[in-house]
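> can't give you the sequence, but here's the structure:
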C-alpha cells in the first residue's frame, strides 16, 4: 500500500547493518570467549585440566557472546529512524532527515493490531488508530542481568573452589 495524505505511514523495517557495525557485532560476540577463559583460570590452581577450562570457556563464552551480539544489534537498530530508516547520532532528539521524534517514538495501531503506523489516522481496515505506549529501551534490563550474572558467576566459582578444597 502506498503512502498518501489520507493514509498514515507504516513503520519501516530496519536497514542492513554497515560493515563497521557488523564488525562491532562480531567483536562483541567473540570477545567473551577469551574473557571467560581468563575468568576461569583460577581453577587451574585447583587441578582442573586445560581442556575442561577451554570447553567451559567455549560454552559459557559463546552464550555470553550470543547475548552481547544480540544487544549490539538491538542498539544499532535503535539508532535508526522508524520512518525513513536513516541512521542518527547517539542521543539524537529527532531525525535530521524527516523530523520524526526519536525520544517518544510515537506509534499507532488499530484495536485489531493489523500493523503499526507512525501517524494518526485510519487503519487499512477502516478503524481509528490509537496511540501505543512508548517503547522502552533494554539498557536497564541488560545492566541488571549483567549484575545478576556476575554475582552468579562469583558464587559458582566460590562454591567450586570450596568443593575442591573440601575434597582434599
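Everything's here; your move. Computed from a predicted model, the values in this text were never measured in an experiment.

> low-confidence stretches in the chain?
1-7, 9, 11-12, 135-138 (pLDDT under 70).

> the helices in it, which residues?
19-30, 32-40, 50-78, 139-167 (DSSP state H).

> turn those helices into CSV, including mean neighbour count.
C-beta: built from backbone N, CA, C; applies to glycine. Putting those into CSV (neighbours: other C-beta atoms under 10 Å) gives the following:
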stretch, mean neighbour count
helix 19-30, 15
helix 32-40, 17
helix 50-78, 16
helix 139-167, 11
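
> could I get those helices as a markdown table with distance to residue 130?
Output for the helices of the chain, formatted as a markdown table (distance: least, C-beta to C-beta, whole Å):
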| stretch | distance to residue 130 |
| --- | --- |
| helix 19-30 | 34 |
| helix 32-40 | 42 |
| helix 50-78 | 24 |
| helix 139-167 | 26 |
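
> of all these, which one is nearest residue 117?
helix 50-78 (18.9 Å; C-beta to C-beta).

> burial count for residue 103?
10 (other C-beta atoms under 10 Å).

> that one against residue 93, yeah?
Yes. If you go by C-beta atoms under 8 Å, residue 103 and residue 93 touch, sitting 5.6 Å apart.

> okay, which residue is most central for the chain?
Central residue of the chain (C-alpha atoms, centre = their mean): residue 71, 2.4 Å from the mean position.

> residues contacting stretch 87-100, please?
With contacts defined as C-beta atoms under 8 Å, 6 or more residues apart in numbering, stretch 87-100 is touched by 15, 79, 80, 81, 82, 83, 84, 86, 101, 102, 103, 118.

> looking at the residues you listed, which one is closest to residue 165?
Closest to residue 165, out of all of the contacts of stretch 87-100 and judged by C-beta to C-beta, is residue 79, at 48.8 Å.

> quick check: closest non-adjacent residue to the closest one.
residue 88 (5.5 Å; C-beta to C-beta, 6 or more residues apart in numbering).

> ok, now residue 47?
Here the residue nearest residue 47, using C-beta to C-beta, 6+ apart, is residue 164, at 6.8 Å.

> OK, contacts around the one you found?
Neighbours of residue 164 in contact, by C-beta under 8 Å, 6+ apart: 43, 46, 47.

> what's the distance between the first one and residue 90?
In other words, residue 43. Distance of residue 43 to residue 90, given as C-beta to C-beta, to the nearest Å: 39 Å.

> can you get me a residue count around the closest residue to residue 86 other than its chain neighbours?
Excluding the flanking residues, the one nearest residue 86 by C-beta to C-beta, 6+ apart is residue 97, at 4.3 Å. Residues lying near residue 97 (other C-beta under 10 Å) number 13.
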